[in-house]
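1. The following block contains a protein sequence and its predicted model.
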Amino acid sequence: MAPNNGYAPILNLLNQVRIAQDAGATIAALTMVYVGIDTMAWLALPVGQAQQGRSDFYRWVDTYLKADATQPYQYDGRDVYAARCAVLHQFSTIVELHRQKNPPKKFGYLDNGPHRTDGGDLVLISVAMLVRDYFHAATRFMTAVQDDAELKARLDSRMEELLNTTPIGGAQ
């Protein structure tokens, strides 16, 4: 993704994922990926739509988040959304969506290696692969932003609202 000072909060978010992963903080990296997907889905909302819903999250995942073709599990927006809810809201692997009729896949997590599935309702997601795939998805999204004036206008209209930090010196 080409650096753009106006997109510093996005670059900072991506950097936070990398910092967590490099530090071996697997759950922190996972959590930041889900925050990042939420953020990108919100940035892609139509102008005038302030609140994102499940379908907006599903759409972003289904459009941009792609696993390598050799991976035994390919992301599905509904599965990823349920997994995100489980991690961010309950620090768990199961939420109410998993107890409903026709539930999404349940995610367990591995720190590295390929995703694993036996075709059942449990998928073991490699956090290392998810981080890599999220970075590719963010790059695809930002490329689409540069190629689509309307999408760029949506993103640009929300940039000032994103969390950003300003360094003021070394920590004590």
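-> Great, that's in hand. Numbers count the residues shown, from 1 in each chain.
2. Remind me which helix or strand Gly108 belongs to.
-> Taking DSSP states H and E as the definition, Gly108 sits inside strand 106-110.
3. right, and His136 touches Asp68 too?
-> No: if you go by C-beta atoms under 8 Å, His136 and Asp68 don't touch, sitting 9.1 Å apart. Just so you know, the C-beta spots here come from the backbone N, C-alpha and C atoms, and that holds for glycine as well.
4. secondary structure element for Ile94?
-> Element membership for Ile94, per DSSP H and E: none, as it lies in no helix or strand.
5. immediately after the helix or strand where Thr139 lies, which helix or strand?
-> Using DSSP H and E, Thr139 falls within helix 127-147. Counting by DSSP H and E, the next helix or strand C-terminal to helix 127-147 is helix 149-158.
6. Counting by contacts, list what that following helix packs against.
-> Packing contacts for helix 149-158, counted by 3 or more C-beta pairs under 8 Å, 6 or more residues apart in numbering; DSSP states H and E, involve helix 26-43, helix 127-147.
7. The longest one - what's its average pLDDT?
-> Looking back up the chat, that one is helix 127-147. Mean per-residue pLDDT for helix 127-147: 97.
8. Quick one: work out the angle between that helix and strand 106-110.
-> 110 degrees (axes from the mean of the first three to the mean of the last three C-alpha atoms, to 10 degrees).
9. C-alpha coordinates for helix 127-147, PDB please?
-> The C-alpha coordinates for helix 127-147 follow below in PDB (Å, rounded to 0.1, in the frame of the first residue of the first chain):
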ATOM      1  CA  VAL A 127      -3.400 -16.200  13.100                       C
ATOM      2  CA  ALA A 128      -0.200 -15.800  11.100                       C
ATOM      3  CA  MET A 129      -2.100 -16.500   7.900                       C
ATOM      4  CA  LEU A 130      -5.000 -14.300   8.900                       C
ATOM      5  CA  VAL A 131      -2.600 -11.400   9.600                       C
ATOM      6  CA  ARG A 132      -1.000 -11.900   6.200                       C
ATOM      7  CA  ASP A 133      -4.400 -12.200   4.500                       C
ATOM      8  CA  TYR A 134      -5.700  -9.100   6.300                       C
ATOM      9  CA  PHE A 135      -2.600  -7.100   5.000                       C
ATOM     10  CA  HIS A 136      -3.400  -8.200   1.500                       C
ATOM     11  CA  ALA A 137      -7.100  -7.300   2.000                       C
ATOM     12  CA  ALA A 138      -6.100  -3.900   3.200                       C
ATOM     13  CA  THR A 139      -3.900  -3.400   0.200                       C
ATOM     14  CA  ARG A 140      -6.700  -4.500  -2.200                       C
ATOM     15  CA  PHE A 141      -9.100  -2.100  -0.400                       C
ATOM     16  CA  MET A 142      -6.700   0.800  -0.600                       C
ATOM     17  CA  THR A 143      -6.100   0.100  -4.300                       C
ATOM     18  CA  ALA A 144      -9.800   0.100  -4.900                       C
ATOM     19  CA  VAL A 145     -10.000   3.400  -3.000                       C
ATOM     20  CA  GLN A 146      -7.400   4.900  -5.400                       C
ATOM     21  CA  ASP A 147      -9.300   3.500  -8.500                       C
END
